[in-house]
Every structure is written in C-alpha cells, then in structure tokens.
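**Q** Got a predicted structure here, sequence first:
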Amino acid sequence: NAGVTQTPKFRVLKTGQSMTLLCAQDMNHEYMYWYRQDPGMGLRLIHYSVGEGTTAKGEVPDGYNVSRLKKQNFLLGLESAAPSQTSVYFCASRSGGLRLYEQYFGPGTRLTVT
Amino acid sequence: GENVEQHPSTLSVQEGDSAVIKCTYSDSASNYFPWYKQELGKRPQLIIDIRSNVGEKKDQRIAVTLNKTAKHFSLHITETQPEDSAVYFCAASKAGGGADGLTFGKGTHLIIQP
C-alpha cells in the first residue's frame, strides 16, 4: 500500500513550456486535491475532484488544468509555465465515506520555472 | 471564502515547556479543523483534528481546543521535545460540503531550545 504518490519529484521548466504532474492513490479514495505551497505561505488549493470524471476550481486555479479520468489518478497540467508557478505542489486524497475527513498527502513535486 | 489566520509565525520554547499556537477562521459553516506538522522537505502530516461538535480533544502530549462562538481554535503541546521542532499548520473546511478542500493558515515555525 503506497498511499499517495507523485511524479515527478523535481522538475525545472523554461517559461512557456508545458508539463503534467501525476498524482496516484491506491486507497480507493473518492476525493483528490492539488495544493501549492510557497515560502512563508500555507498550502493553497488549486483544483479538486469529488469523483472520477469530475473536477472543480479551488482558491488559485488560474494557469492550471486538471483531469480525473481514472479514480486513482489526478493530473495537474501547466499549459504555459510562468515563473510565478515556481512552487512545491502537493496532491492529497480523502475517503468519500461519511465522517472520514482526513486528507492524506503525497510527497510533493518541486517545480522551478526559469 | 474561508480565511484562516495563524499566530505566531515563529515560536521558540525551552525543551520541556508548553507551546500554544492559535488560529482564527471566518466562515461559521466550517466544521472540521485539522492540524498538520511539516518537517523540512517533507509532506504535511496530520497530528490531530477536531470537529465542530466537540470543544476539546487530546492525544498524549497534544491537545486542540475549539471555540465556535469566537471562531478560534488552538493547538497545545506539553512537555515539548526536540523532535517537536517543525512547521505547524492549522486548517479549516466545510467537510462533506461541495467545496471541501482545506484552507490553511500560514504556519508557525516551532523551535525547541535544548
């Protein structure tokens, strides 16, 4: 049981390049989330999904797109990377069970945009 | 949307003393309040959480209190140890609602002095 995994762990992009971050969970969780963490800031919600085939915007969605084609995977895409998207990205998942609220986090992806 | 304020940003205590971190939230509909510990370069780890139908919860040296009327909650760590040194984040959410991602405070860097 690997929990929540993220690919890649590190990445350096040039401005304007695109990339996709992959989050995978093996806990059969319904809900999945993407957060970004900047120095001196807490985590901020980018997008989330409450089930396969559904996505919704969070607090800071601009410049990102997401897809949840399979229940276990949640992809975060950057179509045209900007230096302001330099950050550490965390994926999380949560059971959809009633009263099961804990979010489990992945190890993070450190992205630098030059 | 929800806004979570966290204080202090840095807290230095002597080993063995107690530490208290405070958070306030703005949305009276929030009903789930977790606390996460994050060590340098690692993912956030849930250490304790509380729901709005409970005023206090304790787990060994860690306790959380919630005042719904005043919309604030606090983390208490007693008999602090060197391994308690980390960044601590509070968060709030309307768990089970449509937009149930976590809104985080900006974090408290807890330093345990030997």
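**A** Looks like it arrived, so ask away.

**Q** Quick check: bridge partners of whatever residue of chain B ends up closest to chain A?
**A** In chain B, the residue that lies nearest chain A is B:Phe104 (3.1 Å; Cβ to the nearest Cβ). Bear in mind the C-beta positions are built from the backbone N, C-alpha and C, glycine included. In this structure, B:Phe104 has the following beta-bridge partners (DSSP bridges): B:Ala91.

**Q** Touching, it and A:Tyr33? I think so.
**A** No: at 11.7 Å, B:Phe104 does not count as touching A:Tyr33 under the criterion of Cβ atoms under 8 Å.

**Q** returning to what we had before: report the contact partners of the residue of chain B closest to chain A.
**A** A:42-44, B:4, B:36, B:89-91 (Cβ atoms under 8 Å, 6 or more residues apart in numbering or on different chains).

**Q** Quick check, B:Ala92 in contact with B:Trp35.
**A** No: B:Ala92 is beyond contact range of B:Trp35, at 10.8 Å (criterion: Cβ under 8 Å).

**Q** Would you quantify the distance from the closest residue to A:Leu22 other than its chain neighbours to chain B?
**A** If the residues on either side of it in the chain are set aside, A:Leu22 comes closest to A:Thr7, at 4.5 Å by Cβ to Cβ, 6 or more residues apart in numbering or on different chains. Using Cβ to the nearest Cβ, to the nearest Å, we find A:Thr7 at a distance of 15 Å from chain B.

**Q** where's A:Thr7 relative to A:Glu102, distance?
**A** For A:Thr7, the distance to A:Glu102 (Cβ to Cβ, to the nearest Å) stands at 23 Å.

**Q** Quick one: low-confidence residue ranges for the chain.
**A** I'll assume chain A. Within chain A, the stretches with pLDDT under 70 are A:98-99.

**Q** Hmm, no, I was thinking of chain B.
**A** Along chain B, the parts satisfying pLDDT under 70 run over B:96-99.

**Q** returning to that earlier point: contacts only, for the residue nearest to A:Leu22.
**A** For A:Thr7, the contact set (Cβ under 8 Å, 6+ apart) comprises A:21-22, A:24, A:109.

**Q** what's the answer for B:Gly16, then?
**A** Listed by Cβ under 8 Å, 6+ apart, the contact partners of B:Gly16 are B:79-80.

**Q** All set, thanks.
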